[in-house]
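Student: below are the sequence and a predicted model for it; my questions follow.
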Amino acid sequence: MAQRRDSLKTTRSFLYALARFLGDVEAATKGPEALGKRILRRALGKAAGGALSKLFR
């Protein structure tokens, strides 16, 4: 059962990474402004998540 969970976790992680990559590609095709916004939003989201996790520890 544990092996199955690991397999699902690996597959899910891969699919999320692929979706992130495809979103980056799509933003790049829209131009540098869209790509810049995407990078900024990702950085802000990561910082906010880190701050919230420290707050609720």
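Tutor: Everything's here; your move.

Student: buried stuff in the worst-scoring helix or strand of the chain on mean pLDDT?
Tutor: Ranking every helix and strand in the chain by mean pLDDT, DSSP states H and E puts helix 2-30 at the bottom, with a mean of 91. Neighbour-count burial for helix 2-30 flags A27 (criterion: 16 or more other C-beta atoms under 10 Å). To be clear about C-beta, it is placed using only N, CA and C from the backbone, and glycine gets the same treatment.

Student: whatever helix or strand comes next after it - contacts with which helices or strands?
Tutor: Toward the C-terminus, helix 2-30 is succeeded by helix 32-55 as the next helix or strand (DSSP states H and E). For helix 32-55, the packing partners by 3 or more C-beta pairs under 8 Å, 6 or more residues apart in numbering; DSSP states H and E come out as helix 2-30.

Student: can you report how many residues neighbour R38?
Tutor: Using other C-beta atoms under 10 Å, the number of residues around R38 comes to 17.

Student: who are the contact partners of the residue nearest to it when sequence neighbours are not counted?
Tutor: What sits nearest to R38 in space, not counting adjacent residues and going by C-beta to C-beta, 6 or more residues apart in numbering, is A27, at 4.4 Å. With contact taken as C-beta atoms under 8 Å, 6 or more residues apart in numbering, A27 is in contact with A34, L35, K37, R38.
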